[in-house]
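Q: Requesting a structural model of the entry that follows:
(2 chains, ligands or ions: 2)
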Amino acid sequence: MIEETLDFAPLDELLDRAKAEKMGLIPVLQQTQEIYGYLPAEVLQRIAKRLSLSPSQVLGVASFYAQFHRHPRGRHIIQQCDGTACHVRGAKNIITAVQDQLGIAAGHTTPDMKVTYEVVYCLGSCALAPVAIIDGNVVGRLSDARMTELVNELP
Amino acid sequence: MFEKVLLRNAGVPGSERIDVYLSRGGYQALPQALARTPAELIDMVKRSGLRGRGGAGFPSGLKWGFMPTDPAITKYVCVNTDEGEPGTFKDRQLVEQDPHQVIEGVIITSYAVGAHRAFVYIRGEFFDGMKRWVKAIADAYERGYLGRDILGSGYGLDLSVHRGAGAYICGEETAMIESLEGKRGQPRKKPPFPAQAGLFGRPTLVHNVETLCNVPHIVQRGPEWYAGIGTPKSTGPKIFCVSGHVNRPGNYELPLGAPLREIIFEHAGGVRGGRAIKAVIPGGSSTPMLTPDQLDTPMDFESLAQAGSMLGTGAVIVIGEGTCMVDVTRRIARFFAHESCGYCAPCRVGTRRLAETLERVETGQGRPGDLDLLAGLCEGIQGRTFCPLGDAAAAPVRRSLELFRGEFEAHIRSAC
Ligand SMILES: Cc1cc2nc3c(=O)[nH]c(=O)nc-3n(C[C@H](O)[C@H](O)[C@H](O)COP(=O)(O)O)c2cc1C
Ligand code: FES
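A: Ligands and ions are numbered 1, 2, ... in the order given. Below is the predicted model:
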C-alpha cells in the first residue's frame, strides 16, 4: 500500500470544536472517519494527544465498534445482511455469488479499491429479506441475480 | 379486528411530520400528564400493567418507582433505539414513521421520574431513523414540547440523539450507558442498577422505544382501558415483527396473547408456497425455537416461558420445511460469537467454540463427540456469564440440538 501523507488540518479543526463542545470520543471518531474514510493510526494518536486521552483508550474504543475501520475502504460499501431472517431467505447464495463476482472474500475490498463487501447481521429490515445496504441505501427482496446486477451497475 | 394503538399513524402519508401527528390527536396526552403529579403518573403506569418491550418484560411502573424522588438529584432517561436482535424491526418503524409518538412518551416518562435530560441512543446503521430523530426533535423544540417550561408547566426537558457505532451489546442498558460515556460498550456489574447509578453515575431510566410509545395512550385513555387489552399479566398491544418464510412479512400490532398461529396465518399470510412449518423463532434470534405442535401458544410473556422460550422482542421468524437447521443454528451462533464483547471468558471463549464447532459440523467435518461438546459448551455458558448475552447465545443452540438431533448427526456423517 502506498503511504499517503495525511492532511491534519480538518482533524485539528474538529478536535478544537470537540474540546470546546465537550464532544464524546465516539462522535469524534465518527466525524474523523467521515474526513478520512477510515481511522489511520497516526490520526488515532493525534486524537489521543490533543484530547489528553491515552492512546490505548482511543484504540480500545476504535477497535471495539464494528463501524470503525482502521484500514482504507472501497469507494462503494456494500453491507450484505446475513441475519437469521435474511439467512433463511437465501442470503447465503447471494454472498457466494457476490464473492465470486468480485473475486474477494466477504469482509474485504477489491484491489482497485472500488468495492468493500461486508457481511453484517440484521439491518432491521427483515420484512424485505434478503436485504443489503449499498452506499447507505437499503435494497431488499434480493436474489443472487439481482444483487450481482446491482454490483455490476456501480459506477 | 383489533384497533391499532402504537401503529395507528404508521402508513398515513407524512406520519413522521409534527403537523400530521397533531392533526391525528398527537401531543394531547402531554398536557394531561403535566397536570398530574409524578406520583400519580407512576401509579397509572403501574396499574396499566405495562411491561418493557425491549426483551425482558420488566414492569415499567415498578422501574419508574426505583428512581429517587429527591428533586435535588440529577436524573436521566435513555431511549433505547439500538434494535439489533436479528428479526426485529419494530422500533425502526416506530421511529421512522411516528417519531413524535416516541417523543411524547419520552417527555411524559421523564416528567414522571423527574429527569430534565434525556438521551436517544440509535443504532449506527439506522441512517433514516437518525434523520427522523433529528428533525422530530428540532420540531418539538420549535413548538415548545421540548426545552424550558414545556407548555407553560414550568417543567423542562432537553433531548439529544447519539449514534451507536456497530455493537449489538450496546442494546444492553449498562453497555449503552458506557457507550454514551464514550467508552467500549462493555456491560457493567449490577447492582448498582441504573436507577441507582447509571449514566455519569446518576440515576438513569432506560426504556425501549416501543415501551415509551405506550405511555401517552395510557395517560390519555386510562390504565383500566390499557389493562383490558391482552392477558391479565401481559397487558397491552404488542408489535410482532414477522419474517422468514411467510407470504406477507411485516409488523403486526395485536394484543399480547394473540396465538402464534393467528399471527402467522391470518396476518402474515401463511407460509410461502404452502410449505409446512419446520420451526418458529418466537421472539428474536436469542429465543429458543418452537415446533409446529406449539403453534397455538399465546404470544405473551407467561405462555412463552411455559413453552420453554421467551417473548423477547416479539420477532417471529418462520422457518419452512426444507431448511437446514444445522445451517440456521450455525448462523445464529456466529452472530453471538461476533457480538460477544469479550469481557468474560465463558462468553468470549464459549460462544466462539460454539460457532467453530457448528461450522465444522455444518460443513461435514464434524467429529463423533461434537454434539456432546456442543451441549457441554451450552452448559458451561448458561448462567455463568457476566451479562445475559451468553444465555442468549447458548439457549437457541441447545434447543436446536434437542429438537433436530437427527439432522445434526446426519451432518457429522456428511454435509447436506
Ligand atoms: C445483549 C442484550 C441486548 C439488548 N438489546 C436491546 C435493544 O437493542 N433494544 C432494547 O430496547 N433493549 C435491549 N436489551 C434490553 C435492555 O438491556 C433493557 O432491558 C431495555 O432497554 C429496557 O427497556 P424496557 O424496560 O422498555 O424493555 C438488550 C439486552 C441484552 C442483554
Ligand atoms: S435479518 Fe436481515 S434485515 Fe433482519
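
Q: What residues does the residue in chain A positioned nearest to ligand 1 make contact with?
A: Of the residues in chain A, the one nearest ligand 1 is A:Gly124, at a distance of 9.7 Å by CB to the nearest ligand atom. To be clear about C-beta, it is placed using only N, CA and C from the backbone, and glycine gets the same treatment. Residues near A:Gly124 by CB atoms under 8 Å, 6 or more residues apart in numbering or on different chains: B:Glu83, B:Gly84, B:Thr88, B:Phe89, B:Asp91, B:Arg92, B:Arg123, B:Glu125, B:Phe126.

Q: I'd like these as TSV, with neighbour count appended.
A: Below are the contacts of A:Gly124 laid out as TSV (neighbours: other CB atoms under 10 Å in any protein chain shown):
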residue	neighbour count
B:Glu83	30
B:Gly84	26
B:Thr88	30
B:Phe89	28
B:Asp91	32
B:Arg92	24
B:Arg123	27
B:Glu125	27
B:Phe126	23
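
Q: So which of those residues is the closest to B:Cys387?
A: B:Gly84 (14.5 Å; CB to CB).

Q: Settle this for me: B:Ser153 is touching B:Arg36, isn't it.
A: No - the pair B:Ser153 / B:Arg36 is not scored as a contact, 10.7 Å apart, by CB atoms under 8 Å.

Q: Okay, the residue nearest the centre of chain A and B:Ala138: tell me how far apart.
A: Ranked by distance to the mean C-alpha position of chain A (CA atoms, centre = their mean), the top residue is A:Gln67 at 5.5 Å. Using CB to CB, to the nearest Å, A:Gln67 is found at 25 Å from B:Ala138.

Q: go on, B:Leu311?
A: Separation of B:Leu311 from B:Ala138 (CB to CB): 35 Å.

Q: quick one, which of these two is more surrounded?
A: Taking neighbours as other CB atoms under 10 Å in any protein chain shown, B:Leu311 and B:Ala138 compare with B:Leu311 leading, 26 against 12.

Q: Quick check: longest strand in chain B by residues?
A: Identified as the longest strand of chain B according to DSSP state E is strand B:237-244.

Q: Distance from the chain centre to that one, please.
A: 11 Å (CA atoms, centre = their mean, to the nearest Å).

Q: neighbouring strands for that strand, and are they parallel or not?
A: Strand pairing for strand B:237-244, using DSSP bridges, gives strand B:250-255 (antiparallel), strand B:315-320 (parallel).

Q: average model confidence for it?
A: Strand B:237-244 shows a mean pLDDT of 98.

Q: Pull out the buried positions in that strand.
A: Applying a neighbour-count criterion of 16 or more other CB atoms under 10 Å in any protein chain shown, one finds B:Pro237, B:Lys238, B:Ile239, B:Phe240, B:Cys241, B:Val242, B:Ser243, B:Gly244 buried in strand B:237-244.

Q: how about that strand as CSV, C-alpha atoms only?
A: Coordinates of each C-alpha in strand B:237-244 appear next as CSV, following Å, rounded to 0.1, in the frame of the first residue of the first chain:
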residue,chain,number,x,y,z
PRO,B,237,-50.7,-4.1,22.5
LYS,B,238,-47.5,-5.6,21.1
ILE,B,239,-45.9,-5.2,17.7
PHE,B,240,-45.0,-8.6,16.3
CYS,B,241,-42.3,-8.5,13.6
VAL,B,242,-42.9,-11.4,11.3
SER,B,243,-40.2,-12.6,8.8
GLY,B,244,-38.8,-15.7,7.2
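
Q: for chain A, what are the low-confidence residue spans?
A: Scanning chain A with the threshold set as pLDDT under 70 gives A:1-4.

Q: For ligand 2, give me its nearest residue in it.
A: A:Gly83 (2.6 Å).

Q: other SSEs contacting the longest helix along chain B?
A: For chain B, the longest helix by residue count, based on DSSP state H, is helix B:345-362. Contacts defined by 3 or more CB pairs under 8 Å, 6 or more residues apart in numbering or on different chains; DSSP states H and E place helix B:345-362 against helix B:325-339, helix B:370-381, helix B:389-403, helix B:405-413.

Q: Could you save those helices as CSV and add columns showing distance to ligand 1?
A: As requested, those are exported to CSV (distance: least, CB to the nearest ligand atom, whole Å):
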stretch, distance to ligand 1
helix B:325-339, 8
helix B:370-381, 13
helix B:389-403, 4
helix B:405-413, 26
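
Q: and B:Ala355, which of these is closest to it?
A: B:Ala355 sits nearest to helix B:325-339 of all the helices and strands packed on helix B:345-362, at 4.0 Å, using CB to CB.

Q: That closest one and ligand 2, are they touching?
A: No - on the criterion CB under 6 Å from any ligand atom, helix B:325-339 is out of touch with ligand 2, staying 9.6 Å away.

Q: Contacts for that helix next, please.
A: By CB under 8 Å, 6+ apart, the surrounding residues in contact with helix B:325-339 are A:82-84, A:87-88, A:92, A:121, B:86, B:167-169, B:278-279, B:285-286, B:319, B:351-352, B:354-355, B:358-359, B:361-362, B:389, B:392-393, B:396-397, B:400-401, B:403-404, B:407-408, B:411, B:416.
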